[in-house]
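Trainee: Curious how this folds, go ahead:
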Amino acid sequence: MRTVRSLVVATAVIATPPLAAQDLGTPAPGEYGRAAKLEVQAFETGNKQIRLEYPKKDWDVAPANGAPVSVPGVTWPIVSIVQKKHDAAIVVEGVRLHQPLAQDDITDLFGELEASAIRERQSLAKDLQPKVVQAGGRRIVIVTYNRQGAAGAERVRQYTIPAGGADLYRLTCSAATAQFARYEPVFAHVAASFTVAAGGTQ
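Mentor: Prediction:
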């Protein structure tokens, strides 16, 4: 579990003016959306509160055994989904916030806070590009960046998805830089299929 210091100040977002609907961006092609030709299967947490879809072929799933953490600012793991050749991976985590967020609280400032949290956790992260978008009937933050992984240069896309109340979810999708375009539709599909049942965590 990791304490994310920047989330302590995330409540400052509450005091900022809401981002007008017309100012919201939309995901770029390939960033978010279901892939019609992708054969998928569902992953659900034990109590069926969290659900997502991932490829049927060549991906391994490792659900976390732990329960959600009720301590604000502390992250808990939900599931890791890894391409069998280790060319790509998706890590899903949840975090309990200090204060509930409404959709109007997901502003550019909140996106910058998410980028700052990445910088704090990963000193080698660079070229961070955060943006707030309206996608799938909800506001989410997409942060795309580069980093040096264990096997070399990686490109990463993090989806930050508020689920109502004080729970926030992050889907961190990574691939070798040369392979990122190949796996981008998978990342986009997983993010678009991610749902949390009303009132549920894990």
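
Trainee: In contact with Ile140: list those residues for me.
Mentor: Tyr32, Ile106, Val132, Val133, Tyr159, Thr160, Ile161, Pro162, Ala191 (C-beta atoms under 8 Å, 6 or more residues apart in numbering). For the C-beta atoms, the positions are set from N, CA and C on the backbone; glycine is no exception.

Trainee: Now do the same for it: helix, strand or coil?
Mentor: Here Ile140 takes the strand state, with states given by DSSP: H, G, I helix; E, B strand; the rest coil.

Trainee: before we move on, what about Asn65?
Mentor: With three-state DSSP as the basis, Asn65 sits in coil.

Trainee: Would you quantify the distance from it to Ile78?
Mentor: 11 Å (C-beta to C-beta, to the nearest Å).

Trainee: Same drill for these two, tell me which one is more crowded.
Mentor: Using other C-beta atoms under 10 Å as the criterion, Asn65 and Ile78 rank with Ile78 on top: 22 against 7.

Trainee: Filter the contacts of Ile140 down to the ones in helices?
Mentor: With helices taken from DSSP state H, the overlap with these comprises Ala191.

Trainee: Show me which of the contacts of Ile140 is closest to His98.
Mentor: His98 has its nearest neighbour among the contacts of Ile140 in Pro162, at 13.5 Å by C-beta to C-beta.

Trainee: pLDDT weak spots in the protein?
Mentor: The chain contains residues with pLDDT under 70 at 1-23, 66-67, 199-202.

Trainee: ranges for the strands of it?
Mentor: 40-44, 50-55, 59-63, 75-83, 88-96, 126-135, 138-149, 152-162, 167-176, 195-196 (DSSP state E).

Trainee: Could you pull out the buried residues of the third one?
Mentor: If I follow you right, that is strand 59-63. Buried residues in strand 59-63, defined by neighbour count with 16 or more other C-beta atoms under 10 Å: Trp59, Pro63.

Trainee: what angle do that strand and strand 88-96 make?
Mentor: Interaxial angle of strand 59-63 relative to strand 88-96 (axes from the mean of the first three to the mean of the last three C-alpha atoms, to 10 degrees): 20 degrees.

Trainee: Within the sheet, what are the partner strands of strand 59-63, with directions?
Mentor: If you go by DSSP bridges, strand 59-63 pairs up with strand 75-83 (antiparallel).

Trainee: Pull the distance from the strand it pairs with to the chain's centre.
Mentor: Centroid displacement of strand 75-83 relative to its chain, using C-alpha atoms, centre = their mean, to the nearest Å, is 11 Å.

Trainee: For it, list the C-alpha coordinates in PDB.
Mentor: Extracted C-alpha coordinates of strand 75-83, given in PDB (Å, rounded to 0.1, in the frame of the first residue of the first chain):
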ATOM      1  CA  THR A  75      -4.000   2.800  -2.300                       C
ATOM      2  CA  TRP A  76      -5.100  -0.800  -2.500                       C
ATOM      3  CA  PRO A  77      -4.500  -3.200  -5.400                       C
ATOM      4  CA  ILE A  78      -7.500  -4.800  -7.300                       C
ATOM      5  CA  VAL A  79      -6.100  -6.700 -10.200                       C
ATOM      6  CA  SER A  80      -3.100  -7.000 -12.500                       C
ATOM      7  CA  ILE A  81      -3.500  -8.100 -16.100                       C
ATOM      8  CA  VAL A  82      -0.300  -9.000 -17.900                       C
ATOM      9  CA  GLN A  83       0.300  -9.900 -21.600                       C
END
